[in-house]
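J.: Sequence and predicted structure are below.
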Amino acid sequence: MLRNSIGKNINIQLNPQQEKIANHIDGPALCLACPGSGKTTTLLIRTYNLIANRGIPANKILSMTFSRAAAKDMESRFKKFFGSHIKINFSTIHAFAYRVLRQVYSKIYSNDFQLIELDGKKISILKNIYQHFNKSFINDDKLEELETSISFIKNLCIPVENYKDYHIKIPNFLEIFYAYESYKKRNYFIDFDDMLTLTLDIFKTYPKVLNYYQNKYSYIQIDEAQDTSKVQHEIIKLLAKKHNNIFMVCDDDQSLYRFRGADPSFLTKECHQIWSNIKIYFMEQNYRSTKNIVSISNKCIIHNKNRYPKKMFTNNLSKRSVKVVHVNSSQEQIEYVIKQIKGLENYNDTAILFYKNISAIPFIDGLNRNGIKFYMRDHRNSFFRNFAVRDIINFFKVAINPSDMNSFYDIYHKTNAFISKKMIEHALKNIKKDIFDSLLSYPALNPKQKSRIRDLKGKFLILATKTPDEAIHYIKNAMGYEKRLADYCEKFGYNLTNIHHILDTLSYIGSKTSKLYTFIDRLTQIEDIMHQAQYNKNDNAITLSTLHSSKGLEFKNVFLIDIIEGQLPSQFAIDQAEEEGFFDDLEEERRLFYVGMTRAKEYLDIITFKHIPSRFINEILNSEYNKKLFVGSKVHHPLFGQGYIKKITDSTITIKFDKAGIKQLDKQIIINKNLLKLC
Ligand SMILES: Nc1ncnc2c1ncn2[C@@H]1O[C@H](COP(=O)(O)OP(=O)(O)OP(=O)(O)O)[C@@H](O)[C@H]1O
């Protein structure tokens, strides 16, 4: 029995299904599994079984997964279970493709390749190409969208001409795509996606190369197969074709990279056509979580239509119910989490998980102020590079030092003083006591312009006397920043809601500092603390992680934060679903929520805000709750007909009606007169 042969090394008693899977030796196999069902554990035991009990040389087994972190995790778990003496090849599919290219590219193309991702080369090339075709600057958000769209097309092996069918809305996308591809080709550059497309091309065009790799690896194993894209799947198919020994582990409910071209339907819907005689195994028993967590997670995922039906169960006991905590503000959210954490003995077994990196910022501040150590794998955060953060710092710097022309130069057009470029250029050449005197020395000023500059000077003087959060409020309202912001976002394609979120986060940090200069220092400190946090793993530290990066991990205590309508699900996913009838993004974000919930072993706290709870919370709560009105609820009004709730505040309910458009209704009247009926 396999159980006996591995019993000495690993303290796990496989269940009969797991044992069957670990004993699967030859021929194709697909394990459709639920979270916490021991996918990775079973795959590792199978690997050991192949080597130790079936005499397969370790170097003949190629085990691949999607992310570098998952590959590392597999390797370290294998070593922990079976020792370091067996040298086994765990890698990402990208790393495998890179090895192939390193070996054969120069022989085929008579030149060596370079990675365009190095030194920011890819970004600067894409920016230039975008600017060339669109005659406008590309901001960070749009650049990310462009990169993702290119990646999506290449990973799904779609003819680029069909890009519009995939909701890609980058202007002149086709021209940009061709220009970028041609630049790389001319200069022997490749990017991460090319690693895959080139490897696939080489395997298709050069049978000798393919044959070499087919002989090199007679057993191929894929963990997290739900995240493989079409191009990756094509590579795997060719590689495994000769020996037909492909073993894949997949949970389509944990597929989180649709936006990069991952599509588990290649496996769940087409596996029988692709692999003849494929053996399908199910793993539905969850070993990780309490009954309460398993039950509430099931309530979430059944709302996805596009999935392979599975029913996760557990024999674990029930413990504390999953807590859904409704708070009024960020401040309350942080206070709640910190209070719970302070009662814990060991921090290593606790995680705070969130969708977007920005959610981490107030927590970094709060945890640090409370002396709670934390670990962060994603230590890069675009928050600090965002223009709104830089703007607020520049406003503060000018208030602190009215001669700071460099800082003023970046914000002069974002005030309500209507200062022109000519006036600024004049001021730069005619430095007086302060910026405003320099501006006032411009000869062609009319009385109105003079008065506006004097007024601005007065406002900066007032700004200097304010506390940081008051100052941010003052900049937004009295100094005209809020108004300019809307135009700026419109012109440069930034999402205004995201920028408001950034300003709210800055106000929160501001409320914890007393002077403008201490606020600037604190921001720098927070960034430093965040960078340092990558070295705190297992050092009695809480884990702060995005939901994406939490995949594969497990913790005794999990706090899911900012589970708010508009954030998870994002406004983008909501609009796609409600306005365009396109539910893929909403389903992907529901999977993200599900992955977050299923990371918890014993205690799961889901935190939301009273006035904007996520629809996902509505879905998991019991039917009592479902009778209440939530953002996203479908409703019927006697006058306006069918619609759905877009927003709820203390006094109003905003509803988008199918026929009557958007209406803002009085909440008390609606509720007291029982006017809305849930559909
Ligand atoms: N037969 C078993 N008996 C006891 N514990 C088990 C068994 N199988 C797996 N486990 C435990 O269940 C937990 C989840 O296992 P593992 O991480 O392999 O699951 P997974 O399916 O890869 O999870 P996920 O996809 O959610 O990341 C681990 O703590 C593992 O030790």
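T.: Right, received. Where do you want to start? This one's a predicted model, so the numbers in the text were calculated from it and none came from an experiment.

J.: How is the chain divided into domains?
T.: Domain segmentation of the chain under automatic domain parsing yields 2-97+197-285, 114-187, 383-523.

J.: Can you tell me which of those domains is packed in deepest?
T.: domain 2-97+197-285 (a mean of 19; mean count of other Cβ atoms under 10 Å). For glycine as for every other residue, the C-beta is placed from the backbone atoms N, C-alpha and C.

J.: Report the rounded mean pLDDT for it.
T.: Throughout domain 2-97+197-285, pLDDT has a mean value of 89.

J.: Could I get the buried residue list for stretch 655-665?
T.: Of the residues in stretch 655-665, 655, 656, 657, 663, 665 count as buried by neighbour count, 16 or more other Cβ atoms under 10 Å.

J.: With stretch 564-583 instead?
T.: So stretch 564-583, judged by 16+ other Cβ under 10 Å, has buried residues 564-570, 573-574, 576-578, 583.

J.: Kindly check the end-to-end length of it for me.
T.: Stretch 564-583 has an end-to-end distance of 18 Å (Cα to Cα, to the nearest Å).

J.: Contacts for that stretch, please.
T.: Residues from elsewhere that reach stretch 564-583 (Cβ atoms under 8 Å, 6 or more residues apart in numbering): 167, 305-306, 355-356, 359, 497, 501, 562, 584-586, 588-590, 592-593, 608-609, 612-616, 630-632, 644, 656.

J.: I'd assumed residue 192 was in contact with residue 101.
T.: No: with contact defined as Cβ atoms under 8 Å, residue 101 does not count as touching residue 192 (11.5 Å).

J.: which of these two has more neighbours?
T.: Counted by other Cβ atoms under 10 Å, residue 101 and residue 192 do not tie: residue 101 has more neighbours, with 21 against 18.

J.: I'd like to know which of the domains of the chain lies nearest to the ligand.
T.: Nearest to the ligand among those is domain 2-97+197-285 (2.9 Å), distances taken as Cβ to the nearest ligand atom.

J.: Is that closest one in proximity to the ligand?
T.: Yes: Domain 2-97+197-285 is in contact with the ligand by Cβ under 6 Å from any ligand atom, via 12-15, 18, 33, 35-41, 251, 254.

J.: Check which element follows the helix or strand hosting residue 388 along the chain.
T.: Following DSSP states H and E, one finds residue 388 within helix 387-400. Next helix or strand after helix 387-400 toward the C-terminus (DSSP H and E): helix 405-411.

J.: ok, and what's touching that next one?
T.: In this structure, residues lying in contact with helix 405-411 by Cβ under 8 Å, 6+ apart are 390-391, 393-395, 397-398, 401, 424, 427-428, 431, 435, 438.

J.: For residue 250, grab phi and psi.
T.: With angles defined as degrees, to the nearest 10, residue 250 sits at phi -150, psi 140.

J.: which residues sit in contact with it?
T.: Residue 250 neighbours (Cβ under 8 Å, 6+ apart): 30, 31, 32, 33, 224, 225, 226, 264, 267, 268.

J.: Point out the residues in the stretch 551-679 of the chain that sit beside the ligand.
T.: Residues of the stretch 551-679 of the chain lying close to the ligand by Cβ under 6 Å from any ligand atom are 552, 554, 598.

J.: which one of those residues has the most neighbours?
T.: Ranked by the number of neighbours (other Cβ under 10 Å), these place residue 598 first, at 30 neighbours.

J.: Can you name the residues that contact the spatially closest residue to it that is not a sequence neighbour?
T.: In this structure, residue 598 finds its nearest non-sequential neighbour in residue 35, 3.7 Å apart by Cβ to Cβ, 6 or more residues apart in numbering. Residues near residue 35 by Cβ under 8 Å, 6+ apart: 251, 253, 254, 286, 288, 289, 297, 312, 594, 595, 598.

J.: Adding secondary structure, write these out as JSON lines.
T.: As requested, those are exported to JSON lines (DSSP: H, G, I helix; E, B strand; the rest coil):
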{"residue": "251", "secondary structure": "coil"}
{"residue": "253", "secondary structure": "helix"}
{"residue": "254", "secondary structure": "helix"}
{"residue": "286", "secondary structure": "coil"}
{"residue": "288", "secondary structure": "coil"}
{"residue": "289", "secondary structure": "coil"}
{"residue": "297", "secondary structure": "helix"}
{"residue": "312", "secondary structure": "coil"}
{"residue": "594", "secondary structure": "helix"}
{"residue": "595", "secondary structure": "helix"}
{"residue": "598", "secondary structure": "coil"}
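
J.: Considering those residues, which is situated nearest to residue 349?
T.: Of all the contacts of residue 35, residue 349 sits closest to residue 288, with 12.5 Å by Cβ to Cβ.

J.: Give me the pLDDT for that closest one.
T.: Looking at residue 288, its pLDDT reads 96.

J.: And residue 660, how far from the ligand?
T.: 45 Å (Cβ to the nearest ligand atom, to the nearest Å).

J.: Could you report the separation of that residue from residue 639?
T.: Using Cβ to Cβ, to the nearest Å, residue 660 is found at 8 Å from residue 639.

J.: try residue 268
T.: In this structure, residue 268 and residue 639 are 45 Å apart, going by Cβ to Cβ.

J.: One more: residue 303?
T.: Computed as Cβ to Cβ, the residue 303 to residue 639 distance reads 30 Å.

J.: now residue 548
T.: For residue 548, the distance to residue 639 equals 43 Å [Cβ to Cβ].

J.: Doesn't residue 559 lie inside a strand?
T.: Yes: according to three-state DSSP, residue 559 belongs to a strand.

J.: Roughly how far does it sit from residue 565?
T.: Residue 559 sits 19 Å away from residue 565, taking Cβ to Cβ as the criterion.

J.: what's residue 562 sitting at in phi/psi?
T.: Torsion angles, degrees, to the nearest 10, at residue 562: phi 60, psi 40.

J.: same question, the one 4 residues further on
T.: Per-residue torsions, residue 566: phi 100, psi -20 (degrees, to the nearest 10).

J.: May I see the buried residues of the helix or strand where residue 298 lies?
T.: Residue 298 belongs to helix 291-301 when elements are defined using DSSP H and E. For helix 291-301, burial by neighbour count (16+ other Cβ under 10 Å) applies to 292, 293, 294, 295, 296, 297, 298, 299, 300, 301.

J.: Tell me which stretches of the stretch 151-300 of the chain form helices.
T.: 173-187, 192-205, 207-216, 230-241, 265-268, 271-274, 291-301 (DSSP state H, counting those that start in this stretch).

J.: who are the neighbours of the second one, in terms of helices and strands?
T.: In terms of contacts (3 or more Cβ pairs under 8 Å, 6 or more residues apart in numbering; DSSP states H and E), helix 192-205 is packed against helix 93-109, helix 140-155, helix 207-216, helix 230-241.

J.: Dump those into CSV; add distance to residue 679 as well.
T.: Formatted as CSV, the helices and strands packed on helix 192-205 follow (distance: least, Cβ to Cβ, whole Å):
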stretch, distance to residue 679
helix 93-109, 44
helix 140-155, 34
helix 207-216, 55
helix 230-241, 38
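
J.: which stretch among those helices comes nearest residue 487?
T.: Short answer: helix 140-155, nearest of those by Cβ to Cβ, at 16.8 Å.

J.: just the angle between that closest one and helix 192-205, please?
T.: Here helix 140-155 runs at an angle of 10 degrees relative to helix 192-205 (axes from the mean of the first three to the mean of the last three Cα atoms, to 10 degrees).

J.: looking only at pLDDT, what's the mean for helix 140-155?
T.: 90.
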